[in-house]
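>>> A predicted structure for the sequence below; I have some questions about it.
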Amino acid sequence: MATTLLPHRRAGQGLPLVLVHGYLGGSAQWASEIEAFCDRFDVIAPDLPGYGAASDEPGCDRIEAMADRIIELLDGLGIGDFLLMGHSMGGMIAQEIAAKTGNRVTKLILYGTGPLGLMPDRFEPIQLSRERLRTDGVAKTIERIGATWFRQGAAAAGFPLLAQIGAQANQQAALAGLDAMAAWDGRPALTRLTMPTLVVWGHDDQSYRWPQVETLWKTLPNATLSVIPGASHAAHLEKPRLFRATLEDFLIE
């Protein structure tokens, strides 16, 4: 059991809305979402171990361990039921949290993610990502990988923020994150995630291809699919108004 709670951003009041970032992300990526939803929800955005404001912590090499740290945070804050959204690797973590906490998750949003960490159609093999990360370091890695998360690549308006946040991660955590994804398979738990779920996918996402998204949509018992046109893996930065409107429609209905 960890002795300290994860650093996190928190604002607002009401039913807690927990936002989980993905690989080489951080709580800072959710600044606009926190501002948009804090008038109706108690928005909580953790930094995963080794990332963002938690970059001084060792990273976890299993998705289950990351989920446990967030559950520990929520328990430490006295949170009961909550809404939950996870992006990319954070979507894997969100699936684990939902499987572990059951009815505490009243609604689930799985954004730009899938049920399998070792994807057969990943933009590059995970082993190659490991090798290049060791050679290039974290800052160059997020610039290289992060450019694939936007339709306009490094020229996209949201790219500098993403690169700045990603560069804060420590290299051990970045390597551990790749190991965590490679070892994770959430497919056996999908039918147990019975809460209302929104699957959000950018139409041009190169990180999580349609077969991954389709598996979530068709296997989860209570899932709705929303495809955001003109967006890739970082739809919240490419199409922010449409992204937030999509979330609001699901959360408020």
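That came in fine, so what should we check first? Keep in mind that this is a model prediction, so the values were computed, not measured. Numbers count the residues shown, from 1 in each chain.
>>> From here on, just use CA atoms for contacts and neighbour counts.
OK.
>>> To which secondary structure element type does the closest residue to V20 other than its chain neighbours belong?
Closest residue to V20 apart from its sequence neighbours, by C-alpha to C-alpha, 6 or more residues apart in numbering: G86 at 4.6 Å. State at G86, reduced to three classes by DSSP: H, G, I helix; E, B strand; the rest coil: strand.
>>> Would you agree G86 is in contact with K107?
No. Applying C-alpha atoms under 8 Å as the test, G86 and K107 come out as separate, 11.7 Å apart.
>>> Of the two, which one has the most company?
Neighbours were counted for G86 and for K107 using other C-alpha atoms under 10 Å; G86 has more, 23 against 20.
>>> bridging residues for that one?
Beta-bridge partners of G86, counted by DSSP bridges, are V20, L110.
>>> Need the contact partners of stretch 89-101.
20-23, 63-64, 66-68, 70-71, 84-86, 104-105, 108, 110-117, 181, 186, 189, 192-193 (C-alpha atoms under 8 Å, 6 or more residues apart in numbering).
>>> Just the mean pLDDT for that stretch, thanks.
Mean pLDDT, computed over stretch 89-101, is 98.
>>> Over to stretch 168-184?
The pLDDT scores in stretch 168-184 average 97.
>>> mind exporting it as CSV, just the C-alpha atoms?
Presented in CSV, the C-alpha positions along stretch 168-184 are these (Å, rounded to 0.1, in the frame of the first residue of the first chain):
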residue,chain,number,x,y,z
GLN,A,168,7.5,15.6,-17.5
ALA,A,169,7.3,11.8,-17.3
ASN,A,170,10.4,9.9,-16.0
GLN,A,171,11.9,7.3,-18.3
GLN,A,172,11.4,4.4,-15.9
ALA,A,173,7.7,5.2,-15.8
ALA,A,174,7.5,5.5,-19.6
LEU,A,175,9.2,2.1,-20.0
ALA,A,176,7.0,0.6,-17.3
GLY,A,177,3.9,1.9,-19.1
LEU,A,178,4.8,0.0,-22.2
ASP,A,179,5.3,-3.2,-20.2
ALA,A,180,1.9,-2.6,-18.5
MET,A,181,0.1,-2.3,-21.8
ALA,A,182,1.9,-5.3,-23.3
ALA,A,183,0.8,-7.4,-20.3
TRP,A,184,-2.9,-6.3,-20.2
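>>> Distance from it to the middle of the chain?
When C-alpha coordinates are averaged (C-alpha atoms, centre = their mean, to the nearest Å), stretch 168-184 and its chain have centres 14 Å apart.
>>> buried stuff in it?
For stretch 168-184, burial by neighbour count (16 or more other C-alpha atoms under 10 Å) applies to 168-182, 184.
>>> quick one: the strands in the stretch 1-150 of the chain?
Ranges of strands in the stretch 1-150 of the chain, per DSSP state E, counting those that start in this stretch, are 8-12, 16-20, 42-46, 82-87, 105-111.
>>> pLDDT at E72, what is it?
Note on E72: pLDDT of 98.
>>> again, but for L128
89.
>>> Contacts only, for it.
For L128, no contacting residues are found, by C-alpha under 8 Å, 6+ apart.
>>> let's go with 10 Å and repeat that
Applying C-alpha atoms under 10 Å, 6 or more residues apart in numbering to L128 gives the contacts R134.
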